[in-house]
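Chemist: Need coordinates for the below:
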Amino acid sequence: MKILFVSESDRFNDGCGQMLLTGSELRSRGHEVLFALPGTGTAGRRIAAAGFPVRDLRIRHDYDLLRALKLRALCALERPDLIHAHHPRAHAVCLLAKSLGASAPLVVTRRIIFRIRRNPFSLLKYRSRRIARFIAVCAAAKNELVKAGVPERRVEILPSAVDMGLYDAPRQAREALRFAPPFRIGIIGHHAWHKGHEVLLEAARPILERFPGTVFVFAGRDTEKLRRKAAVLGLNASVEILGERADVPELLAGLHLFAMPSIQQGLPYALIEAQAAGVPAVAAGVGGILDVLLNEETGLVVPPQDSGKLAEAVIRVLSDETLARRLAANGLERIQREFSVSVVTDRLEALYQAVLRP
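Modeler: Below you'll find the model as predicted:
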């Protein structure tokens, strides 16, 4: 197969990471993968550095006619068997290109769980029969598509993939980590209201009373904004705010527990990474977290926005090394079984083949 991946993303975000990871796996299986996205951004440069053809396409908005015409011309030149749009504006412009004559079947991935607008243009974008298949990364994302009028038969849940090999060394390092105070509890992800970073800060005091010296680690874009909240709560000495980091596997290797107290959440890639690294997890039971974490089996699930319950669950895990190791081992096994890049690409390949042979 010849597959064209399309994105408007200039920055190398999680979605672009998935494009590169699954694209690399598809290429290793003999498929031809090319990319259309901003060629000079960090995403385009990183993908090109991996040896993929990158065609510069700078999508400005959903109704970018010039880029739709450029995409149609690219399809006429490259003749891909299939187009796969990976981000919202790419979805709209790929659909517009198809209405202008691009003939390859279109697959669209939706990674977010926010409510789809009900205006006529948005509904047309999602209900169009020109879209052969939607990929939803979690059940909550699929539910939003179906509520917007997409026939359920045209939506398949396919999670983000993880390269397990990246976590072999950190996992081995964690196995040598002494499970004893002072503990390190981490949350990795950009700061936004729905990520619940403040909930973990609010849970810190009872955790510190039970385990003095515990350190709370925050890594991700804009986490510097948490400094004021930490100061107000008197937690400066107990908090490490690291900002955006590229060495996530190594950071995970130094954690005793991973926390994800989200208020809203799509598929939680940071949680998948933590489980791949063998870190026990406590998380809020919202959105795509429930696709990853099985309560009492692969982690502990707590109500969202409840710092008291979060603190109780954290203390429970840190008080019981046997429980912590059981949750971590079960989580690792499930990630290997359902989220590894080979497994996810098997399913993606099958979906492509089904689209091409309806």
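Chemist: just for the chain, where's the confidence low?
Modeler: The chain contains residues with pLDDT under 70 at 358.
Chemist: could you pull out the strands for it?
Modeler: Listed from the start of the chain, the chain has strands (DSSP state E) covering 2-6, 32-37, 54-56, 82-85, 106-110, 131-136, 155-157, 184-188, 215-219, 239-243, 257-260, 281-284, 300-302.
Chemist: Tell me which of those sits nearest to A350.
Modeler: Among these, strand 155-157 comes nearest to A350, with 9.6 Å by Cβ to Cβ. C-beta: built from backbone N, CA, C; applies to glycine.
Chemist: List the neighbouring strands of the closest one plus their orientation.
Modeler: strand 131-136 (parallel) (DSSP bridges).
Chemist: and the partner strand, C-alpha only, in PDB?
Modeler: Taking Å, rounded to 0.1, in the frame of the first residue of the first chain, the C-alpha atoms of strand 131-136 are listed here in PDB:
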ATOM      1  CA  ILE A 131     -14.900   9.500   4.900                       C
ATOM      2  CA  ALA A 132     -14.400   5.700   4.600                       C
ATOM      3  CA  ARG A 133     -13.600   5.200   8.300                       C
ATOM      4  CA  PHE A 134     -13.000   7.000  11.500                       C
ATOM      5  CA  ILE A 135     -10.400   5.900  14.000                       C
ATOM      6  CA  ALA A 136     -11.300   6.900  17.600                       C
END
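Chemist: relative to strand 106-110, how tilted is that strand?
Modeler: Angle between the axes of strand 131-136 and strand 106-110 is 20 degrees (criterion: axes from the mean of the first three to the mean of the last three Cα atoms, to 10 degrees).
Chemist: picking that back up, let me have the strands of the chain in a markdown table, extended by distance to L290.
Modeler: Listed next are the strands of the chain as a markdown table, based on distance: least, Cβ to Cβ, whole Å:
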| stretch | distance to L290 |
| --- | --- |
| strand 2-6 | 28 |
| strand 32-37 | 31 |
| strand 54-56 | 36 |
| strand 82-85 | 26 |
| strand 106-110 | 17 |
| strand 131-136 | 14 |
| strand 155-157 | 12 |
| strand 184-188 | 18 |
| strand 215-219 | 23 |
| strand 239-243 | 28 |
| strand 257-260 | 12 |
| strand 281-284 | 9 |
| strand 300-302 | 7 |
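Chemist: Switch the ones you listed over to a markdown table; also include mean neighbour count and distance to L294.
Modeler: Shown next, in a markdown table, are the strands of the chain (neighbours: other Cβ atoms under 10 Å; distance: least, Cβ to Cβ, whole Å):
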| stretch | mean neighbour count | distance to L294 |
| --- | --- | --- |
| strand 2-6 | 24 | 32 |
| strand 32-37 | 23 | 33 |
| strand 54-56 | 17 | 39 |
| strand 82-85 | 26 | 30 |
| strand 106-110 | 25 | 24 |
| strand 131-136 | 22 | 20 |
| strand 155-157 | 18 | 16 |
| strand 184-188 | 24 | 20 |
| strand 215-219 | 22 | 25 |
| strand 239-243 | 16 | 29 |
| strand 257-260 | 27 | 14 |
| strand 281-284 | 28 | 11 |
| strand 300-302 | 23 | 8 |
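Chemist: Which one of those strands lies nearest to G15?
Modeler: Closest among the strands of the chain, using Cβ to Cβ: strand 106-110, at 7.6 Å.
Chemist: Just the residues contacting the closest one, thanks.
Modeler: The contact list for strand 106-110 (Cβ atoms under 8 Å, 6 or more residues apart in numbering) reads 15, 82-86, 91, 94-95, 98, 130-137, 141, 144-145, 158, 351-352, 355.
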